[in-house]
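A.B. asks: predicted model follows, preceded by the sequence.
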Amino acid sequence: MPKKIFNLILLVFVLTALISCGSNATPKPRGYFRIALPRHSYQRFDSAFPYTFEYPTYTTLSKDPYSPDQKYWININYPRYKATIHLSYKAIDHNLMKYLEDARKMVVKHIPKANAINDSLIVDPARKLYGLTYDIEGNGVASPYQFILTDSTQHFLRGSLYFRVVPNNDSLQPVIQFIKGDIRHLLNTLHWKQVKK
């Protein structure tokens, strides 16, 4: 190859490199797949349980496999998103403070990974419904949303949202927000039943 052609090719490469480096390149943030979410729709859960509520039609209900002796504990499963809302019920027998403290400890366990824990008070005297919701923010938080409900005399219900995937709540955020909407609907439609003595 003659020296003139080599010098011309080298000059073209150098000029191309100089022209293409005119602006600072910034790396793009990591992207995630778009998550298709269904339209919210609900059906009533009304059985021999001491509480009733509406739950999403795109979920399934199951008994809690890890607590077979707790007959009023159920899971609301979101198979498509590998998510579960765990509902654990206890009848109150002069032990409401113990249940409240146990629920608080379950929330406090998330402090090392949480950026913030935002709680909201629930007060609905017409339904005898009192409680708290905990919105737990943070990328590595195992349970991003929890709640407790009670009538303060007979019923105590605790709920917690968990995913069966490594917690990366940045990518899960659309699903978390969607399920939080379902939980708000559950809270707005929950009613206690009379406990048979």
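C.D. replies: On my side now, so go ahead. Numbers count the residues shown, from 1 in each chain.

A.B. asks: what helix or strand does residue 177 sit in?
C.D. replies: Assigned by DSSP states H and E, residue 177 falls within helix 169-189.

A.B. asks: again, but for residue 100
C.D. replies: Per DSSP H and E: helix 96-108 holds residue 100.

A.B. asks: one step back: and the helix or strand following the helix holding residue 177, what does it pack onto?
C.D. replies: Toward the C-terminal end, the helix or strand that comes next after helix 169-189 (DSSP H and E) is strand 191-192. Packing partners of strand 191-192 (3 or more C-beta pairs under 8 Å, 6 or more residues apart in numbering; DSSP states H and E): strand 51-56. Yep, even glycine has a C-beta here, placed from its N, CA and C like the rest.

A.B. asks: could I get the CA-only coordinates of the helix holding residue 100 as CSV?
C.D. replies: Extracted in CSV, the C-alpha atoms of helix 96-108 (Å, rounded to 0.1, in the frame of the first residue of the first chain):
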residue,chain,number,x,y,z
LEU,A,96,-54.1,-6.4,71.9
MET,A,97,-50.9,-4.6,73.1
LYS,A,98,-48.9,-7.8,72.5
TYR,A,99,-50.2,-8.0,68.9
LEU,A,100,-49.5,-4.3,68.3
GLU,A,101,-46.0,-4.7,69.6
ASP,A,102,-45.4,-7.8,67.5
ALA,A,103,-46.6,-6.0,64.4
ARG,A,104,-44.4,-3.0,65.2
LYS,A,105,-41.3,-5.3,65.5
MET,A,106,-42.1,-6.7,62.0
VAL,A,107,-42.0,-3.2,60.5
VAL,A,108,-38.9,-2.2,62.5
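
A.B. asks: surely residue 38 and residue 78 touch.
C.D. replies: No: using C-beta atoms under 8 Å as the test, residue 38 is too far from residue 78 to be in contact (10.2 Å).

A.B. asks: these two: who's more crowded?
C.D. replies: Shown here are residue 38 and residue 78; by other C-beta atoms under 10 Å, residue 78 has more neighbours (20 against 10).

A.B. asks: gap between the residue nearest to the more buried one when sequence neighbours are not counted and residue 110?
C.D. replies: Nearest non-adjacent residue to residue 78, counting by C-beta to C-beta, 6 or more residues apart in numbering: residue 59, 5.5 Å away. Distance from residue 59 to residue 110, counting by C-beta to C-beta, to the nearest Å: 24 Å.

A.B. asks: against residue 74, how distant is residue 141?
C.D. replies: 23 Å.

A.B. asks: please read the previous query as pertaining to residue 115.
C.D. replies: Counting by C-beta to C-beta, the gap from residue 115 to residue 74 is 30 Å.

A.B. asks: cool, and residue 103?
C.D. replies: Taking C-beta to C-beta, one finds residue 103 at 17 Å from residue 74.

A.B. asks: next, residue 118: phi, psi?
C.D. replies: phi -100, psi 120 (degrees, to the nearest 10).

A.B. asks: show me where pLDDT drops low in this structure?
C.D. replies: Along the chain, segments meeting pLDDT under 70 span 1, 15, 17-34, 169, 195-197.
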